[in-house]
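> Take a look and give me a structure for this.
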Amino acid sequence: MAELLQFLFSGVTVGAVYALVALGFTIIYNASDVVNFAQGEFVMLGGMLTFVCHAAGLPLPLAALIAIVVTSAIGVAMNKLAIEPARGAPVVSLIIITIGASIFIRGGAQLLFGKQIHSFPAFSGDTPLRIGGATILPQSLWVIGGAVVVFVGLWLFFTRTLTGRAVLATSNNRLAAQLVGINTGFVMTLSFALSAGIGALAGVLATPITLTSYDVGLAFALKGFAAAMLGGMGNPKGALAGGFLLGLIEALTAGYLSSQYKDAAAFVVILLVLFFMPQGLFGAKSTERV
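Here you go, the predicted structure:
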């Protein structure tokens, strides 16, 4: 029983990171129908910039705040310089642009930060907490709590605020949103800033556990995208559930089979879900009038 509980703790921790990345995917998708494959690089930037600022002598909370703000600014710059100029292009072209931006950011990070693996101290120390014969790090509670808080915030944002509804309206019909007075340019800028900020937060929370380097973004992007698809792309509740489910699948597979199979098992489950439920676990079925 203690062994199972340990696997569950590990799965929930890594799943919370995937959930945060998936929530970042959700924001961009809800605003533009574009899947932003540079989302994983925002996670990397959050961790790397926090390390650099903390190593320069800044307090850890201030270093984390600077990392989140700078990463949000990079997200806005990516929208202004890469996405907006190609606004009339097909969605597939925009997705390819985000892949190119991901490669560019990764290369820049390698030049600036080097190839070394970095970390910084955990927020509440490294002494594990014992629960039911298993242990969990205090930093894991920060990661899990961060994912839940971000989910609640996004749910309230999309359902209770005019700006959040403007984001959804822009996604449904950009021209109609403009005709009723919605500033769609501002909506896109805000969406990229929020998405990049959430990605950076994931990096800040996860780095004391997972460590960071210039090339960790690709894995986070793939797992976050898989979590978003599993739960239902564009649905914050699905992103949260998909992230936790994906983390649990990986942890249980690594624990009871082999760590070599954890990635394969997770993606096999996702393929099965998408085969039988293409909209994901929580996505709404779409209908088109002809």
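> which residues in the chain form helices?
2-32, 39-55, 60-78, 91-113, 138-160, 162-172, 174-179, 184-210, 217-231, 236-256, 262-276 (DSSP state H).
> for the second one, which positions count as buried?
Of the residues in helix 39-55, 39-54 count as buried by neighbour count, 16 or more other C-beta atoms under 10 Å. The way it works is simple: take the backbone N, C-alpha and C, and place the C-beta from them, glycine included.
> Please name the residues that touch the closest residue to residue 200 other than its chain neighbours.
Nearest non-adjacent residue to residue 200, counting by C-beta to C-beta, 6 or more residues apart in numbering: residue 46, 3.1 Å away. With contacts defined as C-beta atoms under 8 Å, 6 or more residues apart in numbering, residue 46 is in contact with 64, 67-68, 71, 199-204, 207.
> Reformat those residues as CSV; add distance to residue 115 and neighbour count.
Listed next are the contacts of residue 46 as CSV, based on distance: C-beta to C-beta, whole Å; neighbours: other C-beta atoms under 10 Å:
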residue, distance to residue 115, neighbour count
64, 23, 25
67, 20, 26
68, 24, 23
71, 20, 31
199, 21, 34
200, 21, 32
201, 25, 26
202, 22, 32
203, 17, 33
204, 21, 29
207, 16, 25
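> which one among these gets closest to residue 119?
When those are compared for distance to residue 119 (C-beta to C-beta), residue 207 wins out at 5.8 Å.
> so the closest one sits right up against residue 120, yeah?
Yes. Using C-beta atoms under 8 Å, residue 207 is in contact with residue 120, at 6.4 Å.
> Find the residues that touch each one of the two.
50-51.
> any chance of the contacts of residue 46 in CSV, with pLDDT and distance to residue 219 too?
Output for the contacts of residue 46, formatted as CSV (pLDDT from 0 to 100; distance: C-beta to C-beta, whole Å):
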residue, pLDDT, distance to residue 219
64, 96, 22
67, 97, 19
68, 97, 21
71, 97, 18
199, 96, 13
200, 97, 17
201, 96, 18
202, 96, 12
203, 96, 12
204, 97, 17
207, 95, 14
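> Make JSON lines out of the residues you listed and add distance to residue 5.
Formatted as JSON lines, these follow (distance: C-beta to C-beta, whole Å):
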{"residue": "64", "distance to residue 5": "30"}
{"residue": "67", "distance to residue 5": "33"}
{"residue": "68", "distance to residue 5": "33"}
{"residue": "71", "distance to residue 5": "35"}
{"residue": "199", "distance to residue 5": "30"}
{"residue": "200", "distance to residue 5": "31"}
{"residue": "201", "distance to residue 5": "27"}
{"residue": "202", "distance to residue 5": "24"}
{"residue": "203", "distance to residue 5": "27"}
{"residue": "204", "distance to residue 5": "27"}
{"residue": "207", "distance to residue 5": "25"}
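> Help me confirm that residue 42 comes into contact with residue 203.
Yes. Between residue 42 and residue 203 a contact is recorded at 7.3 Å, counting by C-beta under 8 Å.
> mind listing what the closest residue to residue 187 other than its chain neighbours touches?
Among residues not flanking residue 187 along the chain, residue 170 sits closest, at 4.7 Å (C-beta to C-beta, 6+ apart). Residue 170 sits next to 31-32, 177, 182, 184, 187-188 when contact means C-beta under 8 Å, 6+ apart.
> any chance of these in a markdown table, with neighbour count too?
As requested, these are exported to a markdown table (neighbours: other C-beta atoms under 10 Å):
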| residue | neighbour count |
| --- | --- |
| 31 | 27 |
| 32 | 23 |
| 177 | 19 |
| 182 | 19 |
| 184 | 19 |
| 187 | 23 |
| 188 | 23 |
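> closest to residue 245 among those?
The closest of the contacts of residue 170, once distances to residue 245 are taken by C-beta to C-beta, is residue 31, at 25.0 Å.
> And the pLDDT for the residue nearest to residue 187?
pLDDT, residue 170: 84.
> before we move on, what about residue 13?
The model's pLDDT for residue 13 equals 95.
> burial of it, as a residue count?
25 (other C-beta atoms under 10 Å).
> for residue 221, same thing?
The tally of other residues near residue 221 (other C-beta under 10 Å) stands at 27.
> check contacts around it.
Taking C-beta under 8 Å, 6+ apart as the test, what residue 221 contacts is 21, 37-41, 102.
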